[in-house]
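J.: I'd like to go over a predicted model; first the sequence, then the structure.
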Amino acid sequence: MARFLRQIFQKELQWLRLRLRSIFGKRRISAPSARSVPRKGSRSDLPSTEHPPAEGPSRRKTSSQRRSIARRKRGAALEPRTPRPPTPNRPSIPTDRAGPLPREIAPTPSDPFSSVVASMVLHGTLLLILIPLLIPEPEPDPRSWNVVIRLEPRKIKAVEEPDPPQVVDPEPESQPQPDPEPVSQDEAESTLAPGVEVEVEVTGIGAAQGSEGSRRKGQLRSEALANHGGNPATESAVRAGLDWLARHQDPDGSWSPDHFDARCLGVEQTCQGPGYPEHRAGITALALLALLGDGHLPDSSDDPLDSATTRSLQWLLEHQDSQGCIRTDLETGSRNMYDHGIAAFALCETAQLTADPKIEEAARKAILFLESSQQAGGGWDYTPSLSLRNDLSITGWQVLAIHAGIEAGIFPQQQTLTAIGRYLDRAIGDGGHSTYSDRGRGRGRGGFGIDAVGLITLLALGHSPVAERNLICARRIAEHGPRPEDRRDWDQHPQSMYYWYTGTLALFHIGGEPWSRWNRQLQEKVLPLQITSGDASGSWDPDPNWIGAAGGRVAQTALGVLTFETYFRYTPMHMRLGISRTPRDR
């Protein structure tokens, strides 16, 4: 190709040289002006010397012209002169005329030199286009890789060393009879052998310990409340919230985000605060998680709350499509990853608590669809189709579902977890500062609200609760405890029930002073917001911002119940890892 272009370029230069030579050679003899051009048939056609040419180089005759004139004179002398036919009277041409006479051809203003200039401009432009093609591109530098290795001092070992004399109690060995006040399950797990701890680290934050959610009822629940900061006020809030959810459940087992007030018993005054109807699947899953958190299993008894659990679970199973996605409307509704992530979370937790093969299969399909919807960047977006957008808030729900699936024995593919890890490395920086999304809506936005989501996501994947980055983030979240009065200005103060729920989960697994400080503010600021009279008794008013408008009263109440179930719903990660019996101020 380059050789062909060079040949064309050489031919163009050769043509340009010939053209310039012919033009400038002719211009040495100026063409006579239109006034001096003799008319055909006039006497000026004959050679004459009566009017000598004007002075100047433009009137000078060349040798070839002089020879031609001489030959014409000799021929004219030899030929007999024939009489010229009479010519009609012609109008005389004034010598001072300014323009051509009628029927006279005006001289053209074109000049051969202008065409040469145009040609030079054209070919110069062509050269500018061809030169980059003729010059070979430089070879790129060899690709280099920078490997950054961060070494973090092991702080776990320093904490574990003084623990054995405190944790290992020789009294059970000396007493053959069981102690009437047994050690709580949380404290017993802190003395597990290292082999068991390895299994715990793989599963991350634990769900309820024991079979059939035994920690969520009875004596173990009371001990968990006492150990982790719960009290009768939080238990009363849970019971009232579940009672409101059961009263406002639709007959088909779901919860209507916008028409739940049809279930109100009052006529004149009903509950207010509708949500978006397209999120029925996600809101129903939130309510089911709240029922499961209190230990209510499907078909376990005649308890109205157990019946509510059965009907809501059946509705979710009926709204799972052939690809495994759980959505509000199977016919015309869209697939929303917020709704599916929460619903997959609920199915996996139900499968863990019931060991029902039918539920386990539905949960497995939900996890498979979740994996197939992962974006190329490792996170998730609102839609399951490829968008190249990674949203940390949506990703957090998917990770909680994956973790619940692992607890139920449903393991994701290794490349799914690897891609999530790469995304979190980009989305969560030093000190636990998280970024909401990497493109589109919320791109580059940060703040303590999304920091809580990032922290619980890391902990759910098995990251250490005493890692320096996680401890710094936990202290920052504790400094921005619940402040309901700031909820209206969400852009400046991302306060909402969603933030209080994710912050509670994250700091509960961190333990220590951040959890104590947060829990104190939680009970002082959020518990009083629960309605205590009328049809709305037991519920929470929606947040006065766009988050509250999307979920409405049903989602707000379900999140509130889940928040105050945290004391007995999970075993803190720091205790599962055996870091300490009673966490110190970390």
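T.: Alright, I've got the coordinates.
J.: what's the burial count for the spatially closest residue to Gly454 that is not a sequence neighbour?
T.: Setting aside the residues directly before and after it, Gly454 is nearest to Ser434 in space (Cβ to Cβ, 6 or more residues apart in numbering), at 3.3 Å. C-betas here are computed from N, CA, C, even on glycine. Ser434 sits with 25 neighbouring residues when counted by other Cβ atoms under 10 Å.
J.: ok, Thr125 next?
T.: Residues near Thr125, counting by other Cβ under 10 Å, number 10.
J.: before we move on, what about Arg487?
T.: 20.
J.: what's near enough to touch it?
T.: Applying Cβ atoms under 8 Å, 6 or more residues apart in numbering, we find Arg487 in contact with His493, Gln495, Ser496, Asp543, Pro544, Asn545, Gly548.
J.: same thing with Arg335?
T.: Cys325, Arg327, Thr383, Pro384.
J.: from these, which is closest to Phe9?
T.: Set against Phe9, the nearest of the contacts of Arg335 by Cβ to Cβ is Thr383 (53.5 Å).
J.: surely that closest one meets Tyr338?
T.: No - in this structure Thr383 lies outside contact range of Tyr338 using Cβ atoms under 8 Å: 10.4 Å.
J.: for Gln320, phi and psi?
T.: For Gln320, the backbone dihedrals are phi -100, psi 120 (criterion: degrees, to the nearest 10).
J.: and it, how far is that from Glu360?
T.: According to Cβ to Cβ, to the nearest Å, Gln320 stands 13 Å off from Glu360.
J.: show me where pLDDT drops low in the protein?
T.: 1-2, 24-68, 70-116, 134, 136-214, 267-268, 578-586 (pLDDT under 70).
J.: for it, which segments are assigned as strands?
T.: With DSSP state E, there are no strands along the chain.
J.: list the buried residues in the longest helix belonging to the chain.
T.: Criterion DSSP state H: the longest helix present in the chain is helix 2-26. Judged by neighbour count using 16 or more other Cβ atoms under 10 Å, the buried positions of helix 2-26 are Phe9, Glu12.
J.: with stretch 251-260 instead?
T.: Result for stretch 251-260 [16+ other Cβ under 10 Å]: buried residues Gly253, Ser254, Trp255, Ser256, Pro257, Asp258, Phe260.
J.: and the furthest pair within these?
T.: Longest span within these, Cβ to Cβ: Gly253 and Asp258, 17.2 Å.
J.: ok, the residue nearest to Gly454 touching Arg445?
T.: No - applying Cβ under 8 Å as the test, Ser434 and Arg445 come out as separate, 9.6 Å apart.
J.: okay, the buried residues of stretch 251-260 in TSV with distance to Glu278 next?
T.: TSV is the format used below for those (distance: Cβ to Cβ, whole Å):
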residue	distance to Glu278
Gly253	18
Ser254	13
Trp255	14
Ser256	12
Pro257	8
Asp258	10
Phe260	15
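J.: among those, which one sits closest to Gly230?
T.: Nearest to Gly230 among the buried residues of stretch 251-260, with distances taken as Cβ to Cβ, is Trp255, at 25.8 Å.
J.: that closest one reaches Val554, doesn't it?
T.: Yes - counting by Cβ under 8 Å, Trp255 does reach Val554; the two are 4.8 Å apart.
J.: list residues touching both of the two?
T.: Joint contacts of Trp255 and Val554 (Cβ under 8 Å, 6+ apart) are Leu245, His248, Ile283, Ala287.
J.: give the bridge partners for the residue nearest to Gly454, please.
T.: Ile428 (DSSP bridges).
J.: quick one: contacts for it?
T.: Here Ser434 is in contact with Leu392, Ala427, Ile428, Gly446, Ile450, Asp451, Val453, Gly454, Leu455 (criterion: Cβ under 8 Å, 6+ apart).
J.: Thr383 and Tyr338: which is more packed in?
T.: Tyr338 (18 against 15).
J.: that one and Arg441, how far apart?
T.: Taking Cβ to Cβ, one finds Tyr338 at 13 Å from Arg441.
J.: again with Ala460
T.: In terms of Cβ to Cβ, Ala460 sits 24 Å off from Arg441.
J.: the more surrounded of these two?
T.: Ala460 (24 against 11).
J.: surely the more buried one meets Gln398?
T.: No - Ala460 lies out of contact with Gln398 (Cβ under 8 Å); the separation is 10.1 Å.
J.: shouldn't Leu527 be in contact with Val238?
T.: No - in this structure Leu527 lies outside contact range of Val238 using Cβ under 8 Å: 10.8 Å.
J.: which of the two has more neighbours?
T.: The neighbour count for Leu527 versus Val238, taken as other Cβ under 10 Å, is higher for Val238 (22 against 17).
J.: distance of the more buried one relative to Phe4?
T.: 83 Å.
J.: apart from its chain neighbours, what residue comes closest to Ile472?
T.: Gly431 (4.6 Å).
J.: report how many residues lie close to that neighbour.
T.: 14.
J.: run through the residues that contact it.
T.: Arg469, Ile472, Cys473, Arg476.
J.: for Leu130, same thing?
T.: So Leu130 contacts Leu5, Phe9 (Cβ under 8 Å, 6+ apart).
J.: burial count for the nearest residue to Ile402 once chain neighbours are set aside?
T.: Nearest residue to Ile402, sequence neighbours excluded (Cβ to Cβ, 6+ apart): Pro412, at 5.4 Å. Around Pro412 there are 19 other residues, counting by other Cβ under 10 Å.
J.: and for Gly447?
T.: 18.
J.: cool, Ser300 as well?
T.: 17.
J.: identify the residue nearest it in space, chain neighbours excluded?
T.: Asp306 is the one closest to Ser300 (Cβ to Cβ, 6+ apart), at 5.1 Å.
J.: contacts only, for the one you found.
T.: Contacts here follow Cβ under 8 Å, 6+ apart; on that basis Asp306 touches His296, Leu297, Pro298, Asp299, Ser300.
J.: in contact with the third one, which residues?
T.: Shown here is Pro298, whose contacts under the criterion Cβ under 8 Å, 6+ apart are Asp306, Thr309, Thr310, Leu313, Thr350, Thr354.
J.: again, but for the fourth one
T.: With contact set as Cβ under 8 Å, 6+ apart, Asp299 has these partners: Asp306, Thr310.
J.: quick revisit: packing partners for the longest helix of the chain?
T.: Secondary-structure packing of helix 2-26 (3 or more Cβ pairs under 8 Å, 6 or more residues apart in numbering; DSSP states H and E): helix 112-134.
J.: could you export stretch 374-388 as CSV, CA atoms only?
T.: In CSV, the C-alpha atoms belonging to stretch 374-388 read as follows (Å, rounded to 0.1, in the frame of the first residue of the first chain):
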residue,chain,number,x,y,z
GLN,A,374,-23.3,-10.0,37.5
GLN,A,375,-21.8,-7.1,35.6
ALA,A,376,-18.4,-7.4,33.9
GLY,A,377,-17.0,-5.1,36.6
GLY,A,378,-17.9,-7.6,39.4
GLY,A,379,-20.9,-5.8,40.9
TRP,A,380,-24.6,-5.5,40.1
ASP,A,381,-26.9,-2.9,38.6
TYR,A,382,-30.7,-2.3,38.7
THR,A,383,-31.1,-4.5,35.5
PRO,A,384,-29.8,-8.0,34.9
SER,A,385,-28.7,-7.1,31.4
LEU,A,386,-25.2,-5.8,30.6
SER,A,387,-24.9,-2.1,31.6
LEU,A,388,-21.3,-1.8,32.7
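J.: in it, what counts as buried?
T.: Gln374, Gln375, Gly377, Gly378, Gly379, Trp380, Asp381, Tyr382, Pro384, Ser387.
J.: repeat that for stretch 119-138.
T.: Here stretch 119-138 shows Leu130 as buried, counting by 16+ other Cβ under 10 Å.
J.: contacts only, for Glu235.
T.: Glu235 neighbours (Cβ under 8 Å, 6+ apart): Leu225, Phe564.
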